[in-house]
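Visitor: Here is a sequence together with a model predicted from it:
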Amino acid sequence: VEKPRGTRRIAILGDSFAHGSCVPPEDNMAALLRRRFGATVNLGVSGFGPLQELAALTEYLKPLRPPVVLWMFFEGNDLTEDLPMEIHAPLLQQYLADEGLTQNLIGQRAAMADSMRRYLDRDLIAAMNRVDSPYENLVRNLSLDRVRETVGLGPVQIGYNLGSMDEELGLFATVLHKARDRVGGWGGKLYIVYLPESGRYMARFSESAVRRAIHDGVASIAEREQVEMIDLAPVFAQDPAPETLYAYPGAHYSVKGYKVAAEAIARVLEVHDN
């Protein structure tokens with residue numbers, strides 16, 4: 001076991017990529033960074049978008065006060081799908097508008113665990129029957145989503161967007177500004193980690209005006225808000241076989257992909273340590 005090189009406390013926010021889908025827990029980014037730097041908490045949750053991540057930051061990280069917060073931004077859906085849906089949730093809007101809002105979720109473990117047990121008792125068996133099948137991987141590999149990604153017809157490539165790009169970028173700028181101030185309020189440093197989707201490297205027609213708008217827009221916002229961006233898109237592009245960084249077209253990262261991502265993040269953090 002590699003001995004951690006420091007005692008830095010790191011927190012990760014994000015969606016299923018931050019959580020580490022498609023690989024064992026010991027191979028996700030949080031585990032790799034934990035082995036290198038010490039204590040690392042992972043608040044990555046599948047399906048989360050920017051407003052839910054801001055809420056998680058407020059409820060869980062403000063009490064923990066980690067020195068480093070890594071905000072994982074996935075270009076595939078954070079702006080074009082997640083944010084346009086989240087903005088219709090009144091409670092999530094309150095986390096954006098009300099600096100003092102808290103439900104003290106971190107102090108309600110017992111109540112939340114009991115609620116989760118009731119939910120799992122009710123729905124877990126049905127959920128497992130839907131996905132825990134010997135044919136799951138075959139169906140996934142032959143799915144229409146995978147075919148679309150391979151030929152360059154994924155949502156970002158074709159310009160699919162639930163909302164307006166200008167509005168989404170404007171809202172994300174507000175979200176990142178609030179996150180930066182809240183992390184800075186306890187003396188922490190916020191980074192945004194830009195996570196590229198597979199279509200950049202694996203689709204036959206990989207050019208996308210929407211993807212360029214997302215990348216350039218987020219980079220511009222980060223620079224304006226003085227939040228350092230760790231851009232993994234060029235890092236993945238330098239790999240001689242970038243397709244091996246993904247489990248399959250349209251999927252999450254592979255074991256190798258999460259390792260490449262974690263090493264790129266670690267290089268930036270180590271520079272700041274020196």
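Guide: Thanks, I have it.
Visitor: Show me where the stretch 151-274 of the chain has its helices.
Guide: Counting by DSSP state H, counting those that start in this stretch, the stretch 151-274 of the chain has helices at residues 155-158, 165-185, 199-202, 209-224, 232-237, 255-273.
Visitor: Mind giving me the packing neighbours of the third one?
Guide: To tie it back to what came earlier, the one meant is helix 199-202. Here helix 199-202 touches helix 144-151, helix 232-237, going by 3 or more C-beta pairs under 8 Å, 6 or more residues apart in numbering; DSSP states H and E. Any C-beta I mention is one placed from the backbone N, CA and C, and that applies to glycine too.
Visitor: Quickly, which of these bottoms out on average pLDDT?
Guide: Mean pLDDT across these is lowest at helix 144-151; the value there is a mean of 49.
Visitor: what about the protein, any weak spots by pLDDT?
Guide: 1-8, 125, 127-163, 203-207, 274 (pLDDT under 70).
Visitor: got the CA positions of the top helix by length along it in PDB?
Guide: Counting residues, the longest helix found in the chain (DSSP state H) is helix 109-131. What follows is helix 109-131, C-alpha atoms only, in PDB (Å, rounded to 0.1, in the frame of the first residue of the first chain):
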ATOM      1  CA  ARG A 109     -27.700  10.600  10.000                       C
ATOM      2  CA  ALA A 110     -30.100   8.400  11.900                       C
ATOM      3  CA  ALA A 111     -33.200   9.800  10.400                       C
ATOM      4  CA  MET A 112     -31.700   9.800   6.900                       C
ATOM      5  CA  ALA A 113     -30.500   6.200   7.300                       C
ATOM      6  CA  ASP A 114     -33.900   5.100   8.500                       C
ATOM      7  CA  SER A 115     -35.500   6.800   5.500                       C
ATOM      8  CA  MET A 116     -33.000   5.200   3.100                       C
ATOM      9  CA  ARG A 117     -33.700   1.700   4.600                       C
ATOM     10  CA  ARG A 118     -37.400   2.100   4.000                       C
ATOM     11  CA  TYR A 119     -36.800   3.200   0.500                       C
ATOM     12  CA  LEU A 120     -34.400   0.300  -0.200                       C
ATOM     13  CA  ASP A 121     -36.800  -2.200   1.400                       C
ATOM     14  CA  ARG A 122     -39.500  -0.900  -0.900                       C
ATOM     15  CA  ASP A 123     -37.700  -0.500  -4.200                       C
ATOM     16  CA  LEU A 124     -34.300  -2.400  -4.100                       C
ATOM     17  CA  ILE A 125     -35.500  -5.800  -5.300                       C
ATOM     18  CA  ALA A 126     -37.300  -4.300  -8.300                       C
ATOM     19  CA  ALA A 127     -34.300  -2.200  -9.200                       C
ATOM     20  CA  MET A 128     -31.900  -5.200  -9.000                       C
ATOM     21  CA  ASN A 129     -34.200  -7.200 -11.200                       C
ATOM     22  CA  ARG A 130     -33.900  -4.500 -13.800                       C
ATOM     23  CA  VAL A 131     -30.100  -4.300 -13.900                       C
END
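Visitor: can you list contacts of that helix?
Guide: By C-beta atoms under 8 Å, 6 or more residues apart in numbering, the residues outside helix 109-131 that reach it are Leu105.
Visitor: rerun at 6 Å
Guide: With C-beta atoms under 6 Å, 6 or more residues apart in numbering as the test, helix 109-131 has no contacts from any other residue.
Visitor: Ok, stretch 258-274 next?
Guide: Applying C-beta under 6 Å, 6+ apart, the contact partners of stretch 258-274 are 23, 27-29, 32-33, 36, 230, 232, 235.
Visitor: Then stretch 62-70?
Guide: By C-beta under 6 Å, 6+ apart, stretch 62-70 touches 9-12, 106, 183, 186, 188-191, 193.
Visitor: got it, and stretch 41-51?
Guide: With C-beta under 6 Å, 6+ apart as the test, stretch 41-51 has contacts from 11-16, 18-19, 30, 56, 60, 78, 82-83, 86, 92, 172, 175.
Visitor: How about stretch 181-199?
Guide: Stretch 181-199 is contacted from outside by 17, 65-76, 149, 154, 157, 179-180, 206, 222, 227-233, 236, 246, 249-250, using C-beta under 6 Å, 6+ apart.
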